[in-house]
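Enquirer: Quick one, what's the 3D model for this:
(chains A and B)
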Amino acid sequence: MKNNFLPNTKSEFLKTKRTAAIWLVLLAAAFLPAINALILIYRPDVFVSRLHNNPWLILFYMIWKNGAAIILPIFVILICSIIVQIEYKNNTWKQVYASPRTYSDIFFSKFVIVQVFVISFFVLFTFFTIISGYVVNLFQSSYLFSSHPFRFKAMLIVISRVYAGILGVTAIQYWLSMRFKNFIVPLSIGISLLIAGLILTDWEKIVYYPYVYSLHLFFVGAPGHTGTLTLLLVNSFTCFIVAVFAGWMDINNLKEKG
Amino acid sequence: MQLPIIQVDHVTHRFGKQIVLDDISMYIPKGSIYGFLGPNGAGKTTTLRLILGLLQKQSGTISLFGNEFKSHRIAALKKTGSLIEQPSLYLHLSAKENLEVFRLSYQCERKRIAEVLDIAGLTDAANKKVKAFSLGMKQRLALAITLLHDPELLILDEPTNGLDPNGIIETRDLIKQLNTEHRKTILVSSHLLSEIEKMVTDVAIIHKGKILFEGELQELQKARSGHSFIEMEVDDTGKAMQVLTGKFSVQLINSKLTIGFGNKEQVAIINAMLVQQEIKIYHLTVRQDDLENLFIQIISG
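Expert: Here you go, the predicted model:
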């Protein structure tokens, strides 16, 4: 597995060429920065004063608030489905399983691709956030983005927490996408669980509900917020490890492959 | 006896309560083109999927290259190329990119891509997206993928399925060429005996999950030599049947007489007997029972 894992991961990456995965990551990452840029451009009367002291960080929080709660989990649900569906749609699972690859190699090389796309989302999301700040300044010079430094360290801390919060969902959705041929199944399970989590967000046991970990890790420390950073991180990593292991065991033991 | 490349011993497989393979055994000799015949739903694909480990074996043993498959899966698959049911191709990628996907997995040299494209006659279509390919081209590309790592064994499930007559001939020629020029052992399944008999050296016939015949093609051909008959159109079929019954096996099918015979002298005798009785013969055709009929006879017990 050690020798083949890298070429096989490269092979998995090649399969995503010209698929909707590339467009999805671009659109999902650009959506909120674009919407927020429009809001700032059209309502300087409201926002110039609000963003006066620390424009980059406030813009970053404005955009990430909805990103961590909705856009990121939906993106993860969709990307897992799209990447695994490449095999189902083309009827290629049987060829993959009939090639000299261990079952672990097949499972993890594709999962690495999911993680690459999720990380790409974070990078592009940050990039588009910065672009949106400059674009806003082009149309409304009263904003102070050009004259304030980026707060990279603060942004990086938040991004890392949100990424840690979404890991469990990537593992669960990847497992579901591998398990069910019909893409509607993982999609509807994922979106239902996300909506349920958003409805139950004030519930004291929500710290045990993976689909809102990214949201809670974004807001951690805010007044009236449920759960400590340590508890949420431990729960999130535990969920990730359990879901990856359970998914791997389950897919390994499927009686019919391909 | 040739060394077996694949050996299937007493394999039984169930889907729920339904038995789809009932204690089957097969022996695929090295260097052979082994035709695996059976009507749709007989258990061919299930057998091939079990051989490739795509289905979890329930009972019996399956060995490839002399080793039990389960414990030597990777080593066996390194020496095996397979095409199961329809071609497994990434339609959004070009032919070359499809080959690159599998080349990375097989870890073979990049030059193999051009070589197998050439063998499959797809060099000119290398950069064309597979979704624009005809079924015949897809089938050839799938065959090219099976050849990428220069395997010793090819497992091809109905490789001519859905192809036009020209595509069937091309695929058949390619299979024969791979066997004779590239020394591949080939296990090829089909539901068409007429197709298989043109290329195989060995045959197994499966029906309702049971192997009904296994042996060299010549053995099967010998079995048909006693199955020749005359087809006759006469003016009075009732009278003709009266004359011939008791001496020959006679059947009336679609207002034509079908009369079994053992040698060509008997054809002359049958003709003379009818002429003597002033029965007019409008048409007489000597037919040898083809393998297709024999196949139907075997599977219908």
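Enquirer: Tell me who's in contact with residue 33.
Expert: With no chain named, the answer covers chain A. A:63, A:125, A:128, A:129, A:131, A:132 (CB atoms under 8 Å, 6 or more residues apart in numbering or on different chains). Any C-beta I mention is one placed from the backbone N, CA and C, and that applies to glycine too.
Enquirer: hm, I was asking about chain B
Expert: Here residue B:33 is in contact with B:175, B:176, B:179, B:185, B:186, B:188, B:199, B:200, B:201, B:202 (CB under 8 Å, 6+ apart).
Enquirer: Same question for residue A:178.
Expert: A:84, A:107, A:110, A:247, A:251.
Enquirer: Contact residues of the stretch 1-150 of chain A facing chain B?
Expert: By the rule CB under 8 Å from any CB of the partner chain, the part of the stretch 1-150 of chain A lying against chain B is A:3-4, A:7-8, A:10-11, A:14-15, A:17-19, A:86, A:90-95, A:97-102.
Enquirer: what packs against the strand or helix carrying residue A:73?
Expert: Following DSSP states H and E, one finds residue A:73 within helix A:72-90. In terms of contacts (3 or more CB pairs under 8 Å, 6 or more residues apart in numbering or on different chains; DSSP states H and E), helix A:72-90 is packed against helix A:20-42, helix A:103-139, helix A:152-179, helix A:184-199.
Enquirer: winner for burial among those helices?
Expert: Among the helices and strands packed on helix A:72-90, helix A:152-179 has the highest mean neighbour count (mean count of other CB atoms under 10 Å in any protein chain shown), at a mean of 21.
Enquirer: Give me the mean pLDDT for it.
Expert: In this model, helix A:152-179 has a mean pLDDT of 94.
Enquirer: before we move on, what about stretch A:197-217?
Expert: For stretch A:197-217, the mean pLDDT works out to 89.
Enquirer: Could you list the buried residues of that stretch?
Expert: A:197, A:201, A:206-207, A:209-217 (16 or more other CB atoms under 10 Å in any protein chain shown).
Enquirer: Residue B:258: how many residues sit nearby?
Expert: By other CB atoms under 10 Å in any protein chain shown, the residues close to residue B:258 number 15.
Enquirer: distance between the single longest helix found in chain B and the chain's centre?
Expert: Identified as the longest helix of chain B according to DSSP state H is helix B:165-180. Distance of helix B:165-180 from the chain centroid (CA atoms, centre = their mean, to the nearest Å) equals 13 Å.
Enquirer: who are the neighbours of that helix, in terms of helices and strands?
Expert: strand B:33-37, helix B:135-147, strand B:185-190.
Enquirer: ok, back up a step: okay, the contacts of residue B:33 in CSV with neighbour count next?
Expert: Formatted as CSV, these follow (neighbours: other CB atoms under 10 Å in any protein chain shown):
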residue, neighbour count
B:175, 22
B:176, 15
B:179, 20
B:185, 26
B:186, 26
B:188, 26
B:199, 19
B:200, 26
B:201, 16
B:202, 22
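Enquirer: okay, those residues in TSV with pLDDT next?
Expert: Shown next, in TSV, are the contacts of residue B:33 (pLDDT from 0 to 100):
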residue	pLDDT
B:175	91
B:176	92
B:179	93
B:185	96
B:186	96
B:188	96
B:199	91
B:200	93
B:201	94
B:202	94
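Enquirer: and which of those residues is nearest to residue B:121?
Expert: residue B:175 (13.6 Å; CB to CB).
Enquirer: Could you double-check that the closest one lies in contact with residue B:160?
Expert: No: the pair residue B:175 / residue B:160 is not scored as a contact, 9.0 Å apart, by CB atoms under 8 Å.
Enquirer: circling back to that earlier point, if you average pLDDT over each of the helices and strands packed on helix B:165-180, which is lowest?
Expert: helix B:135-147 (a mean of 91).
Enquirer: For it, buried residues please.
Expert: Those would be B:136, B:137, B:138, B:139, B:140, B:141, B:142, B:143, B:144, B:145, B:146, B:147, for helix B:135-147 by 16+ other CB under 10 Å.
Enquirer: Now do the same for the residue nearest to the third one when sequence neighbours are not counted: its pLDDT.
Expert: What it means is residue B:138. Excluding the flanking residues, the one nearest residue B:138 by CB to CB, 6 or more residues apart in numbering or on different chains is residue B:87, at 4.5 Å. pLDDT for residue B:87: 88.
Enquirer: So which residues make contact with stretch B:103-123?
Expert: A:3-4, A:7-8, A:10-11, A:14, A:99-101, B:78, B:95-96, B:99-100, B:126, B:137, B:140-141, B:143-145, B:147-150, B:170, B:174, B:178.
Enquirer: Put the buried members of the residues you listed into a PyMOL selection.
Expert: Of those, the buried ones can be selected in PyMOL as follows, counting by 16+ other CB under 10 Å:
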select buried, (chain A and resi 4+8+11+99+100+101) or (chain B and resi 78+95+96+99+100+126+137+140+141+143+144+145+147+148+149+170+174+178)
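Enquirer: Identify the residues contacting the most centrally placed residue in chain A.
Expert: Centroid-nearest residue in chain A: residue A:72, 4.2 Å away (criterion: CA atoms, centre = their mean). Shown in contact with residue A:72 (CB under 8 Å, 6+ apart): A:121, A:162, A:166, A:214.
Enquirer: and if you look at residue B:50?
Expert: B:8, B:11, B:13, B:21, B:57, B:62.
Enquirer: Go again with 10 Å.
Expert: B:8, B:11, B:13, B:21, B:24, B:43, B:56, B:57, B:58, B:60, B:62, B:69 (CB atoms under 10 Å, 6 or more residues apart in numbering or on different chains).
Enquirer: what do you get for residue B:64?
Expert: Residue B:64 makes contact with B:4-8, B:28, B:51-53, B:72-73, B:75-77, B:79-80, B:152-153, B:155 under the criterion CB under 10 Å, 6+ apart.
Enquirer: how about 6 Å then?
Expert: Residues near residue B:64 by CB atoms under 6 Å, 6 or more residues apart in numbering or on different chains: B:6, B:76.
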